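K.L.:
no sequence for this one, just the structure:
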Ligand SMILES: [Zn+2]
């Protein structure tokens, strides 16, 4: 594993642990040349899974696409890239658990919304608006209303 700071070839693993609820191993590494510490993740490669769009068309699951849409939703929000990566790993873990050959895009959208809701309200609403074509309008309005009422009663949320 090449050091991201000085490109030295040799690094050592200083800590290694399984990440709960994710099919991943998190490793802390240290560069043997400059002592820079960084994190890598080792995860099970996703078996090929088809995403069924609302139109009925299918396309292969694309991790990059998912990361990109999360980045758009989280733009200018206090959300670090590591959080986005963590959300993606959680979703892939869920998809692996399904053990299906295909999954509806709305299902993935729902998983993303559930994850974002715990992280950031604004990112959640943004993502919901991107995916609103996959849910009905009533669902979207309901989500907005819920967030509004949470804002009005900040000490009331469970
Ligand atoms: Zn280094």
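P.N.:
Yes, it's here. This structure is a prediction, so every number in the text was calculated from the model and none was measured.

K.L.:
in three-state terms, label the residue of the chain most remote from its centre for me.
P.N.:
Within the chain, the residue lying farthest from the chain centre (Cα atoms, centre = their mean) is residue 33, at 32.7 Å. Under DSSP: H, G, I helix; E, B strand; the rest coil, the three-state class of residue 33 is coil.

K.L.:
tell me, how many residues neighbour the closest residue in space to it that isn't next to it in sequence?
P.N.:
Excluding its sequence neighbours, the residue lying closest to residue 33 (Cβ to Cβ, 6 or more residues apart in numbering) is residue 8, at 3.7 Å. No exception for glycine: its C-beta is placed from N, CA and C like everyone else's. Residue 8: 14 surrounding residues under other Cβ atoms under 10 Å.

K.L.:
residue 8 contacts residue 35, correct?
P.N.:
No: Residue 8 is beyond contact range of residue 35, at 10.2 Å (criterion: Cβ atoms under 8 Å).

K.L.:
number of nearby residues for the residue lying closest to residue 32 once chain neighbours are set aside?
P.N.:
Among residues not flanking residue 32 along the chain, residue 10 sits closest, at 4.4 Å (Cβ to Cβ, 6+ apart). The local packing of residue 10 (other Cβ under 10 Å) involves 10 other residues.

K.L.:
no more questions from me, cheers.
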